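Chemist: prediction below, plus the sequence it came from.
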Amino acid sequence: ETGVTQTPRHLVMGMTNKKSLKCEQHLGHNAMYWYKQSAKKPLELMFVYNFKEQTENNSVPSRFSPECPNSSHLFLHLHTLQPEDSALYLCASSQDLGDTQYFGPGTRLTVL
Amino acid sequence: GESVGLHLPTLSVQEGDNSIINCAYSNSASDYFIWYKQESGKGPQFIIDIRSNMDKRQGQRVTVLLNKTVKHLSLQIAATQPGDSAVYFCAENTGGFKTIFGAGTRLFVKA
(Lines give C-alpha, C1' and ligand atoms only; values in the text may rest on other atoms or scores of the structure.)
Protein backbone atom coordinates (compact mmCIF):
# COMPACT_ATOMS: atom_id res chain seq x y z
CA GLU A 1 0.00 0.00 0.00
CA THR A 2 1.21 3.49 -0.87
CA GLY A 3 -0.55 5.38 1.94
CA VAL A 4 -3.09 6.88 -0.45
CA THR A 5 -6.61 5.49 -0.35
CA GLN A 6 -9.51 6.14 -2.68
CA THR A 7 -13.20 5.38 -2.41
CA PRO A 8 -15.20 4.06 -4.04
CA ARG A 9 -13.08 1.71 -6.10
CA HIS A 10 -15.81 1.33 -8.70
CA LEU A 11 -18.67 3.65 -9.60
CA VAL A 12 -21.40 3.44 -12.19
CA MET A 13 -23.52 6.53 -12.65
CA GLY A 14 -26.06 7.96 -15.03
CA MET A 15 -25.55 11.23 -16.82
CA THR A 16 -27.89 13.08 -14.47
CA ASN A 17 -26.44 11.75 -11.23
CA LYS A 18 -24.29 13.56 -8.71
CA LYS A 19 -21.53 11.61 -7.04
CA SER A 20 -18.25 12.29 -5.26
CA LEU A 21 -14.89 10.56 -5.27
CA LYS A 22 -12.81 10.64 -2.12
CA CYS A 23 -9.08 10.49 -1.62
CA GLU A 24 -7.15 10.38 1.64
CA GLN A 25 -3.40 10.36 2.12
CA HIS A 26 -1.69 9.19 5.30
CA LEU A 27 1.79 10.36 4.34
CA GLY A 28 1.81 13.89 5.71
CA HIS A 29 2.20 15.30 2.23
CA ASN A 30 1.40 18.87 1.30
CA ALA A 31 0.38 18.44 -2.33
CA MET A 32 -2.46 16.38 -3.82
CA TYR A 33 -3.47 15.71 -7.40
CA TRP A 34 -6.33 14.35 -9.48
CA TYR A 35 -5.54 12.52 -12.72
CA LYS A 36 -7.71 10.93 -15.37
CA GLN A 37 -6.44 7.74 -16.97
CA SER A 38 -8.11 6.58 -20.19
CA ALA A 39 -7.19 3.50 -22.15
CA LYS A 40 -3.96 3.76 -24.12
CA LYS A 41 -3.46 7.42 -23.20
CA PRO A 42 -0.99 9.06 -20.84
CA LEU A 43 -2.15 10.22 -17.45
CA GLU A 44 -3.99 13.53 -17.74
CA LEU A 45 -3.49 15.98 -14.89
CA MET A 46 -6.78 17.53 -13.80
CA PHE A 47 -6.22 19.45 -10.57
CA VAL A 48 -3.39 20.25 -8.18
CA TYR A 49 -3.68 21.38 -4.59
CA ASN A 50 -0.82 22.60 -2.46
CA PHE A 51 -1.46 23.27 1.23
CA LYS A 52 -5.22 23.05 0.50
CA GLU A 53 -5.01 25.75 -2.16
CA GLN A 54 -5.74 24.94 -5.78
CA THR A 55 -2.70 25.71 -7.89
CA GLU A 56 -3.78 24.18 -11.16
CA ASN A 57 -6.97 23.53 -13.08
CA ASN A 58 -5.85 21.94 -16.28
CA SER A 59 -8.79 23.15 -18.42
CA VAL A 60 -11.12 20.64 -16.80
CA PRO A 61 -14.86 20.96 -17.58
CA SER A 62 -16.96 22.44 -14.80
CA ARG A 63 -18.88 19.18 -14.40
CA PHE A 64 -15.82 18.13 -12.37
CA SER A 65 -15.49 20.10 -9.14
CA PRO A 66 -12.62 19.46 -6.73
CA GLU A 67 -12.61 20.15 -3.01
CA CYS A 68 -9.69 20.02 -0.60
CA PRO A 69 -10.83 20.62 2.99
CA ASN A 70 -7.38 19.86 4.43
CA SER A 71 -4.00 18.59 3.29
CA SER A 72 -5.00 14.96 3.85
CA HIS A 73 -8.30 14.84 1.99
CA LEU A 74 -9.28 15.52 -1.58
CA PHE A 75 -12.67 15.14 -3.22
CA LEU A 76 -13.84 15.20 -6.80
CA HIS A 77 -17.50 16.08 -7.16
CA LEU A 78 -19.16 14.80 -10.32
CA HIS A 79 -22.29 16.23 -11.92
CA THR A 80 -23.98 15.61 -15.29
CA LEU A 81 -21.08 13.65 -16.66
CA GLN A 82 -20.79 12.35 -20.22
CA PRO A 83 -20.05 8.78 -21.33
CA GLU A 84 -16.61 9.93 -22.52
CA ASP A 85 -15.80 10.76 -18.89
CA SER A 86 -15.67 7.05 -18.16
CA ALA A 87 -12.11 6.34 -17.02
CA LEU A 88 -9.89 5.50 -14.07
CA TYR A 89 -9.57 8.50 -11.78
CA LEU A 90 -6.36 8.52 -9.81
CA CYS A 91 -5.43 10.56 -6.80
CA ALA A 92 -1.81 11.19 -5.89
CA SER A 93 0.11 13.08 -3.25
CA SER A 94 3.65 14.37 -2.90
CA GLN A 95 5.61 15.92 -0.08
CA ASP A 96 5.79 19.18 -1.99
CA LEU A 97 5.15 20.28 -5.56
CA GLY A 98 7.63 18.64 -7.91
CA ASP A 99 8.44 15.77 -5.55
CA THR A 100 7.73 12.13 -6.27
CA GLN A 101 4.03 11.46 -6.47
CA TYR A 102 2.45 8.46 -4.78
CA PHE A 103 -0.78 7.17 -6.21
CA GLY A 104 -3.92 5.65 -4.81
CA PRO A 105 -5.56 2.60 -6.42
CA GLY A 106 -8.00 4.72 -8.41
CA THR A 107 -11.76 4.80 -8.91
CA ARG A 108 -13.03 3.05 -12.02
CA LEU A 109 -15.87 5.30 -13.23
CA THR A 110 -18.45 4.26 -15.79
CA VAL A 111 -20.94 6.83 -17.04
CA LEU A 112 -24.02 5.37 -18.71
CA GLY B 1 6.38 20.68 -27.33
CA GLU B 2 6.86 18.69 -24.19
CA SER B 3 6.36 14.99 -24.54
CA VAL B 4 7.42 11.77 -22.97
CA GLY B 5 7.19 8.76 -25.21
CA LEU B 6 8.00 5.11 -25.24
CA HIS B 7 9.60 3.26 -28.12
CA LEU B 8 7.49 0.09 -27.79
CA PRO B 9 3.95 -0.34 -26.56
CA THR B 10 4.51 -3.98 -25.54
CA LEU B 11 7.50 -6.07 -24.52
CA SER B 12 7.53 -9.83 -24.05
CA VAL B 13 10.39 -11.51 -22.19
CA GLN B 14 11.18 -14.96 -20.89
CA GLU B 15 11.18 -15.44 -17.14
CA GLY B 16 14.70 -15.05 -15.85
CA ASP B 17 15.86 -12.84 -18.69
CA ASN B 18 16.66 -9.17 -18.33
CA SER B 19 14.13 -6.59 -19.52
CA ILE B 20 14.90 -3.18 -20.95
CA ILE B 21 12.15 -0.60 -21.30
CA ASN B 22 13.01 2.59 -23.16
CA CYS B 23 11.68 6.11 -22.99
CA ALA B 24 12.38 9.28 -24.96
CA TYR B 25 11.76 12.75 -23.64
CA SER B 26 11.87 16.06 -25.48
CA ASN B 27 12.20 18.72 -22.76
CA SER B 28 15.87 19.35 -22.19
CA ALA B 29 14.96 21.38 -19.09
CA SER B 30 13.59 18.30 -17.32
CA ASP B 31 15.77 17.50 -14.35
CA TYR B 32 13.93 14.72 -12.58
CA PHE B 33 12.75 11.41 -14.01
CA ILE B 34 10.65 8.66 -12.48
CA TRP B 35 9.64 5.15 -13.44
CA TYR B 36 6.29 3.80 -12.31
CA LYS B 37 4.81 0.30 -12.49
CA GLN B 38 1.07 -0.18 -12.84
CA GLU B 39 -0.46 -3.60 -12.33
CA SER B 40 -3.96 -4.41 -13.42
CA GLY B 41 -6.55 -2.85 -11.13
CA LYS B 42 -4.00 -0.77 -9.24
CA GLY B 43 -2.61 2.72 -9.34
CA PRO B 44 0.91 3.50 -10.56
CA GLN B 45 3.59 2.45 -8.08
CA PHE B 46 6.89 4.29 -7.76
CA ILE B 47 9.86 2.12 -8.76
CA ILE B 48 12.92 4.30 -9.05
CA ASP B 49 13.91 7.84 -9.88
CA ILE B 50 16.95 9.71 -11.13
CA ARG B 51 18.01 13.33 -11.26
CA SER B 52 19.70 14.94 -14.22
CA ASN B 53 23.07 15.18 -12.44
CA MET B 54 23.32 11.39 -12.58
CA ASP B 55 23.44 8.96 -15.49
CA LYS B 56 22.78 5.73 -13.63
CA ARG B 57 20.97 4.66 -10.50
CA GLN B 58 20.43 1.16 -9.17
CA GLY B 59 17.76 -0.31 -7.00
CA GLN B 60 16.75 -3.80 -6.12
CA ARG B 61 16.83 -5.67 -9.47
CA VAL B 62 16.19 -2.40 -11.32
CA THR B 63 18.54 0.09 -12.90
CA VAL B 64 17.66 3.39 -14.53
CA LEU B 65 19.96 4.90 -17.12
CA LEU B 66 19.77 8.49 -18.26
CA ASN B 67 21.36 9.76 -21.45
CA LYS B 68 20.85 13.50 -21.55
CA THR B 69 22.68 13.87 -24.86
CA VAL B 70 19.96 12.01 -26.73
CA LYS B 71 17.21 12.61 -24.14
CA HIS B 72 16.75 8.93 -23.47
CA LEU B 73 15.78 7.07 -20.33
CA SER B 74 15.71 3.32 -19.80
CA LEU B 75 14.62 0.92 -17.10
CA GLN B 76 16.44 -2.36 -16.79
CA ILE B 77 14.91 -5.19 -14.80
CA ALA B 78 17.23 -8.06 -13.94
CA ALA B 79 16.03 -11.66 -13.81
CA THR B 80 12.49 -10.74 -14.79
CA GLN B 81 9.80 -12.54 -12.83
CA PRO B 82 6.10 -13.15 -13.52
CA GLY B 83 5.29 -10.54 -10.87
CA ASP B 84 7.01 -7.95 -13.01
CA SER B 85 4.24 -8.19 -15.60
CA ALA B 86 2.65 -4.74 -15.67
CA VAL B 87 2.56 -1.45 -17.55
CA TYR B 88 5.62 0.71 -16.96
CA PHE B 89 5.51 4.49 -17.26
CA CYS B 90 8.32 6.95 -17.43
CA ALA B 91 7.70 10.48 -16.25
CA GLU B 92 9.61 13.75 -16.33
CA ASN B 93 9.49 16.85 -14.20
CA THR B 94 11.07 20.27 -14.58
CA GLY B 95 10.80 21.14 -10.91
CA GLY B 96 7.26 22.47 -10.96
CA PHE B 97 3.97 20.84 -10.14
CA LYS B 98 3.53 19.26 -13.54
CA THR B 99 4.86 15.76 -14.07
CA ILE B 100 4.50 14.55 -17.65
CA PHE B 101 3.80 10.85 -18.07
CA GLY B 102 4.42 8.62 -21.04
CA ALA B 103 1.73 6.36 -22.45
CA GLY B 104 3.32 3.24 -20.99
CA THR B 105 4.86 -0.04 -22.10
CA ARG B 106 3.17 -3.30 -21.24
CA LEU B 107 5.62 -5.96 -20.10
CA PHE B 108 4.63 -9.61 -20.50
CA VAL B 109 6.72 -12.22 -18.73
CA LYS B 110 6.55 -15.71 -20.19
CA ALA B 111 7.02 -18.61 -17.79
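Modeler: In hand now; what should we look at?

Chemist: drop to CA atoms for contacts and neighbour counts, all remaining ones
Modeler: Fine.

Chemist: tell me where chain B has strands.
Modeler: Under the criterion DSSP state E, strands of chain B are mapped to B:4-5, B:10-14, B:19-25, B:32-38, B:45-51, B:56-58, B:62-67, B:72-77, B:86-93, B:99-101, B:105-110.

Chemist: do chain A as well
Modeler: So, for chain A - with DSSP E - the strands run A:4-7, A:10-13, A:18-25, A:31-37, A:44-50, A:53-57, A:64-70, A:73-79, A:87-94, A:102-103, A:107-111.

Chemist: comparing those, which yields the minimum mean pLDDT?
Modeler: Per-segment mean pLDDT for the strands of chain A reaches its minimum on strand A:53-57, at a mean of 82.

Chemist: check the offset of it from the chain's centre.
Modeler: Remark: strand A:53-57 is offset 13 Å from the chain centroid, using Cα atoms, centre = their mean, to the nearest Å.

Chemist: ok, that strand near chain B or not?
Modeler: No: judged by Cα under 8 Å from any Cα of the partner chain, strand A:53-57 stays clear of chain B, getting no closer than 8.5 Å.

Chemist: what angle sits between that strand and strand A:64-70?
Modeler: Strand A:53-57 runs at 150 degrees relative to strand A:64-70, counting by axes from the mean of the first three to the mean of the last three Cα atoms, to 10 degrees.

Chemist: give me the helices and strands touching strand A:53-57, please.
Modeler: Contact here means 3 or more Cα pairs under 8 Å, 6 or more residues apart in numbering or on different chains; DSSP states H and E; on that basis strand A:53-57 packs against strand A:44-50.

Chemist: residues in contact with the strand it packs on?
Modeler: Residues outside strand A:44-50 that contact it (Cα atoms under 8 Å, 6 or more residues apart in numbering or on different chains): A:30-37, A:54-60, A:66, A:68, A:71, A:96-97, B:97-98.

Chemist: rewinding a little: can you add mean neighbour count and give the strands of chain A back as a markdown table?
Modeler: Compiled in a markdown table, those are given as follows (neighbours: other Cα atoms under 10 Å in any protein chain shown):
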| stretch | mean neighbour count |
| --- | --- |
| strand A:4-7 | 20 |
| strand A:10-13 | 15 |
| strand A:18-25 | 20 |
| strand A:31-37 | 24 |
| strand A:44-50 | 22 |
| strand A:53-57 | 15 |
| strand A:64-70 | 17 |
| strand A:73-79 | 19 |
| strand A:87-94 | 26 |
| strand A:102-103 | 26 |
| strand A:107-111 | 20 |
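
Chemist: relative to B:Gly83, which of those strands is closest?
Modeler: Of all these, strand A:102-103 sits nearest to B:Gly83, with 19.3 Å by Cα to Cα.
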